[in-house]
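In: Kindly return the folded structure for what I paste below:
(one chain, ligands or ions: 2)
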Amino acid sequence: MRIERVELHHIELPLAHPFETSFGREVTRPCILVAVYADGLTGWGECVAGDGPWFSCETVETAWHILGDFLIPAILGAEVASPADVVRRFRRVRGHPMARAGLENAVWDLLAQAEGLPLAAYLGGVRDRVPVGVSIGIQPDRDALLDRVARYVEAGYGRVKLKIKPGWDVAVVRAVRERWPDLPLQVDANSAYTLADAPVFRELDQFDLLLIEQPLHYEDLVEHARLQAQLRTPLCLDESIRSPEHARWALEIAACRVINIKVGRVGGLTAARAIHDLCAAHGVPVWCGGMLETNVGRAANVALATLPNFSLPGDISASARYYPPGRDIAAPDFLLNDDSTISVPTAPGLGVRVIPERLAAARLRERTFVWQS
Ligand code: SMG
Ligand code: MG
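Out: Ligands and ions are numbered 1, 2, ... in the order given. Alright, predicted model coming up:
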């Protein structure tokens with residue numbers, strides 16, 4: 001099919017609750033939604049870059065530039081029969097994985113619809129529901145954290161991730177572990193520590209955590225390998241894995257025993273599936289990370305998590321955990337099942353519909369690119 005038209009929609013939504021990590025506090029969430037048109041179908045993708053270069057060096061502004069000036073011109077008017085055609089046309093662009101993922105994933109949705117298949121089936125997924133957990137940000141104090149954990153456990157989340165940073169680590173993990181001795185629990189430092197903090201991680205080693213996510217520098221692999229060698233608990237890399245190559249290097253030097261796959265961070269569903277396959281071949285479990293996506297990005301995450309080696313619960317919570325009722329730009333919402341899973345949509349493509357009025361209400365700017373034959 002020929003790509004006839006592409007639209008960029010820069011939107012911003014209020015979060016249901018502020019989300020605080022070691023690198024900052026978010027009250028609203030921006031993103032760029034990408035719509036790709038061909039043969040009477042529309043595919044949607046979400047670019048998860050934020051307002052500032054905090055989680056990653058990409059921002060909404062850099063992604064807007066890279067999409068509009070390089071990536072969209074590379075595929076506008078092109079014949080596309082498979083996602084590989086898009087990946088090939090993007091090969092000249094170095095870096096900018098979040099920008100690439102927004103557009104590549106929109107084409108995945110389009111092609112899955114053209115095949116009449118749910119995105120999960122088009123990817124090769126094997127599940128009809130995916131196990132999920134919830135990621136809980138840093139709270140004003142320990143009681144607030146315990147209340148928040150209690151609320152999510154009562155809501156049915158069977159796995160909890162706590163954000164940690166220096167001064168908000170061993171004592172809070174101990175408090176949660178004492179109250180919920182059997183709860184599957186993990187922590188995420190978002191690169192807030194150095195190797196000099198190894199004693200903190202040796203203490204965290206006693207709490208039977210599922211994993212410790214991205215403790216050290218966001219680009220480092222070598223020091224993660226040194227830390228991993230001192231710990232019983234698996235280290236999991238997030239920010240350090242920005243391509244299949246990073247995953248290969250990390251496995252080669254045993255920098256981690258688990259990988260968090262985020263489709264935006266690694267540059268799209270093709271790269272995400274390649275990392276999944278590589279980890280499966282090495283016996284390394286993976287799970288699907290989250291970037292506070294709207295239902296468009298969430299649908300792509302759910303589809304990805306149906307691949308067989310996604311053997312740990314993902315940061316894919318129910319839609320209501322992220323945005324106030326009626327605000328998410330796509331429907332239907334994702335709901336939490338009693339067994340801490342989310343059901344995989346069965347309609348062709350992403351299986352969610354963008355609601356034009358909600359999109360318009362959330363939009364800050366838009367840009368349209370039309371192929372002139
Ligand atoms: O989408 O449930 C979610 C959030 C999961 O904790 C989460 N993501 O480092 O893994 C991570 C953070 C990054 C969020 S930055 C917006
Ligand atoms: Mg993380």
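In: For the residue of the stretch 51-200 of the chain found nearest ligand 2, give me its contacts.
Out: With CB to the ion as the measure, Asp188 is the residue of the stretch 51-200 of the chain nearest to ligand 2, at 4.4 Å. The way it works is simple: take the backbone N, C-alpha and C, and place the C-beta from them, glycine included. Asp188 makes contact with 21, 135, 161-164, 213-214, 238 under the criterion CB atoms under 8 Å, 6 or more residues apart in numbering.
In: if you set the cut-off to 6 Å instead, what comes out?
Out: In this structure, Asp188 makes contact with 161, 163, 213, judged by CB atoms under 6 Å, 6 or more residues apart in numbering.
In: Would you confirm that the second one contacts Gly24?
Out: No. With contact defined as CB atoms under 6 Å, Lys163 and Gly24 do not form a contacting pair (11.1 Å).
In: Give me the more crowded residue out of these two.
Out: Set side by side, Lys163 and Gly24 show more neighbours around Lys163, with 24 against 13, by other CB atoms under 10 Å.
In: pLDDT below threshold where in this structure?
Out: Applying pLDDT under 70 to the chain flags no residue at all.
In: spatially speaking, which residue is in the middle of it?
Out: Residue closest to the average C-alpha location in the chain (CA atoms, centre = their mean): Gly290, at 3.2 Å.
In: now it, nearest residue through space, not along the chain?
Out: Asp315 (3.6 Å; CB to CB, 6 or more residues apart in numbering).
In: How many residues are close by Leu146?
Out: Residues lying near Leu146 (other CB under 10 Å) number 17.
In: For it, give me its contacts.
Out: Under the criterion of CB under 6 Å, 6+ apart, Leu146 has no neighbours.
In: what's the spacing between the strand or helix carrying it and its chain's center?
Out: Element membership for Leu146 (DSSP states H and E) is helix 142-155. The chain centre lies 23 Å from the centre of helix 142-155; the measure is CA atoms, centre = their mean, to the nearest Å.
In: Kindly report the same for stretch 49-66.
Out: Its chain's average C-alpha position is 15 Å from that of stretch 49-66, according to CA atoms, centre = their mean.
In: Straight-line length of it, end to end?
Out: Start-to-end span of stretch 49-66 (CA to CA, to the nearest Å) is 12 Å.
In: Is the closest residue to ligand 1 within the stretch 201-350 of the chain in a helix, a strand, or coil?
Out: Residue nearest to ligand 1 within the stretch 201-350 of the chain: Gly290 (2.3 Å; CB to the nearest ligand atom). For Gly290, the assignment made with DSSP: H, G, I helix; E, B strand; the rest coil gives coil.
In: same check, this time on Gln139
Out: With three-state DSSP as the basis, the three-state label of Gln139 is coil.
In: quick one on the thing from earlier: quick one: which of the contacts of Asp188 is nearest Gly102?
Out: Using CB to CB, Glu213 is the member of the contacts of Asp188 that lies nearest Gly102, at 23.7 Å.
In: Surely Gln186 is in a strand?
Out: Yes. Assessed with three-state DSSP, Gln186 lies in a strand.
In: Who does it form a beta bridge with?
Out: Lys161 (DSSP bridges).
In: Measure how buried the nearest residue to Pro234 once chain neighbours are set aside is and give me the count.
Out: Leaving aside its sequence neighbours, Pro234 sits nearest to Arg257 (CB to CB, 6+ apart; 3.6 Å). Arg257: 18 surrounding residues under other CB under 10 Å.
In: So which bits of the helix holding Leu146 are buried?
Out: Judged by neighbour count using 16 or more other CB atoms under 10 Å, the buried positions of helix 142-155 are 145-146, 148-149, 152-153.
In: just stretch 314-330 next, same as before
Out: Neighbour counts over stretch 314-330 (16+ other CB under 10 Å) mark 314-319, 321-323, 327-330 as buried.
In: Close to ligand 1 as well: tell me which of those residues qualify.
Out: By CB under 6 Å from any ligand atom, the members of those lying near ligand 1 are 315, 317.
In: for ligand 2, what are the nearby residues on the protein?
Out: Contact residues (CB under 5 Å from the ion) of the chain with ligand 2: 188, 213, 238.
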